[in-house]
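**Student:** Any chance you could fold what I've pasted below:
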Amino acid sequence: MKLIRSLFDRRALLPAAALLILSGVYELGYYAIFALPLPAVGQGALFIVWYLAAGVALYCLMTAAWHRNRDQSSPAAVKSGRRKAPKASEPELTVSGALRSLALAAFYLVLVYGILRPLYGLAASHSWVLVPVELLCALVLIFCGPLTVIWNQAAACRQRPWQLLSGLWKRRSLVNGWCFIVLVRMALDTLLGGLFTLAFGVNAFSLSTLMLFQGDPLSSAALYASGGFAGAALLFCLTGCLYAWMMAGWFLHGTE
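**Tutor:** Just a heads-up that it's a prediction; the model follows:
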């Protein structure tokens with residue numbers, strides 16, 4: 001119950017609204033890119049640029065949320081009204097931090113297109129490869145969220161990512177919160193017919209790549225909106241608001 005309460009924190013409402021806006025812009029650009037009359041290479045290049053930009057935007061959103069949360073949790077700073085010079089451990093937007101978030105987004109692209117997809121293609125003709133590939137994709141699904149938060153936190157606080165990554169297993173609230181969000185999303189999408197539905201079976205490769213490229217709250221709503229299903233799109237907008245609130249509360253509490 002403590003974990004569930006932490007996901008629905010009033011402090012996370014404003015970051016959740018910003019996350020919804022970012023999600024809507026990303027999905028709009030995502031479907032617009034693949035609707036352009038361009039060759040596959042051109043669409044792929046535009047998608048890479050768009051995905052990298054979204055990674056930097058997510059870093060900016062998280063850093064701003066952490067900075068605001070820190071100011072609200074410091075009564076002395078609120079009473080004085082003065083802003084002290086940021087310490088090395090305090091979250092601040094920097095160019096170097098943005099470049100680090102860019103590197104993480106590039107890593108995800110290489111992971112999917114350079115490792116997971118070729119291995120999954122190999123498993124189609126060599127069945128003994130399928131189980132290890134599915135296990136690898138399951139690990140990616142479980143740890144991609146916590147890795148993103150920890151990496152961006154290290155970038156915002158001007159720390160080496162390895163200092164925080166070494167303690168990933170000890171940060172149970174972060175990992176458990178992410179797993180809870182993923183399970184809730186799969187359950188609701190299976191019930192309502194969303195993007196992360198398990199109605200056709202569990203495919204770890206498909207779920208992990210979807211989570212990396214369309215794991216934002218409004219992905220299912222955008223899918224139905226692009227198909228002209230206004231009623232379903234509105235329904236998934238409401239569930240998207242729930243996901244955004246949960247995700248915002250998750251990365252605020254998981255990094256405290």
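**Student:** Output the below-cut-off pLDDT ranges for the stretch 51-200 of the chain.
**Tutor:** Residues of the stretch 51-200 of the chain meeting the criterion pLDDT under 70: 72-88, 163-164, 166-170.
**Student:** repeat that for 50
**Tutor:** Residue ranges of the stretch 51-200 of the chain with pLDDT under 50: 76-80, 83-86.
**Student:** Run through the helices of it in chain order.
**Tutor:** 75-80, 95-110, 117-125, 130-156, 161-165, 172-192 (DSSP state H, counting those that start in this stretch).
**Student:** of those, which approaches Trp66 most closely?
**Tutor:** helix 130-156 (6.3 Å; CB to CB). Placement of C-beta: from N, CA and C, glycine included.
**Student:** what helices or strands is that closest one leaning on?
**Tutor:** helix 40-72, helix 95-110, helix 117-125, helix 161-165, helix 172-192, helix 204-214 (3 or more CB pairs under 8 Å, 6 or more residues apart in numbering; DSSP states H and E).
**Student:** Could you measure from Arg100 over to Gln159?
**Tutor:** Separation of Arg100 from Gln159 (CB to CB, to the nearest Å) stands at 10 Å.
**Student:** brain fart, Val56
**Tutor:** For Val56, the distance to Gln159 - CB to CB - is 18 Å.
**Student:** Who has more neighbours out of these two?
**Tutor:** More neighbours surround Val56 than the other of Val56 and Gln159, with 18 against 13 (other CB atoms under 10 Å).
**Student:** That one against Leu104, yeah?
**Tutor:** No: taking contacts as CB atoms under 8 Å, Val56 lies outside contact range of Leu104: 9.8 Å.
**Student:** What mean pLDDT does stretch 16-34 get?
**Tutor:** Mean per-residue pLDDT for stretch 16-34: 95.
**Student:** tally of neighbours for the closest residue to Thr255 other than its chain neighbours?
**Tutor:** Leaving aside its sequence neighbours, Thr255 sits nearest to Gln153 (CB to CB, 6 or more residues apart in numbering; 5.3 Å). When neighbours are counted by other CB under 10 Å, Gln153 registers 22.
**Student:** Surely Gln153 and His67 touch.
**Tutor:** No: counting by CB under 8 Å, no contact exists between Gln153 and His67, whose distance comes to 11.5 Å.
**Student:** who touches both of those two?
**Tutor:** Pro91 (CB atoms under 8 Å, 6 or more residues apart in numbering).
**Student:** For Ser173, which non-adjacent residue is spatially closest?
**Tutor:** That would be Gly254: by CB to CB, 6+ apart, it lies 5.1 Å from Ser173.
**Student:** Tell me who's in contact with Tyr113.
**Tutor:** Applying CB under 8 Å, 6+ apart, no residues qualify as near Tyr113.
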